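S.K.: After the sequence you'll find the predicted model.
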Amino acid sequence: MTVLADLEAQLAFVEDTMSALDSALAAQQQHIMKLEQELELLRARLIDQGTRLDEIMSTETEAPPPHY
């Protein structure tokens, strides 16, 4: 092979690798975005449950047991 043919082969390999990496990066970004949305949903649910628990605890103040 000539030097030019070697360079063309290397360039084709680099272009193929770049394309594969670009696809992998795009897939990872989509996955990260989905995980961020799920995290926000979980965070909102946790805050909601904490608020509900606070409401329950404040309305159900029990008298201390008789031995106090």
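M.R.: Received, thanks.

S.K.: Where does pLDDT dip in this structure?
M.R.: For the chain, the stretches flagged by pLDDT under 70 are 59-63, 68.

S.K.: Where do the helices of it begin and end?
M.R.: Remark: helices assigned in the chain by DSSP state H are 3-59.

S.K.: Report the central residue of it.
M.R.: Closest residue to the average C-alpha location of the chain: residue 35 at 2.7 Å, with C-alpha atoms, centre = their mean.

S.K.: how much space between that residue and residue 43?
M.R.: Note on residue 35: its distance to residue 43, by C-beta to C-beta, to the nearest Å, is 12 Å. For the C-beta atoms, the positions are set from N, CA and C on the backbone; glycine is no exception.

S.K.: Also residue 53?
M.R.: From residue 53 over to residue 43 the distance is 16 Å, taken as C-beta to C-beta.

S.K.: same thing with residue 1?
M.R.: According to C-beta to C-beta, residue 1 and residue 43 sit 58 Å apart.

S.K.: do residue 11 as well
M.R.: Distance from residue 11 to residue 43, counting by C-beta to C-beta: 47 Å.

S.K.: now do residue 51
M.R.: Distance from residue 51 to residue 43, counting by C-beta to C-beta: 13 Å.

S.K.: Likewise for residue 57?
M.R.: To residue 43, residue 57 is 21 Å away according to C-beta to C-beta.

S.K.: Ok, residue 13 next?
M.R.: 44 Å.

S.K.: Same check on residue 16?
M.R.: For residue 16, the distance to residue 43 - C-beta to C-beta - is 41 Å.

S.K.: just residue 58 next, same as before
M.R.: Counting by C-beta to C-beta, the gap from residue 58 to residue 43 is 23 Å.

S.K.: now swap in residue 3 and tell me
M.R.: To residue 43, residue 3 is 58 Å away according to C-beta to C-beta.
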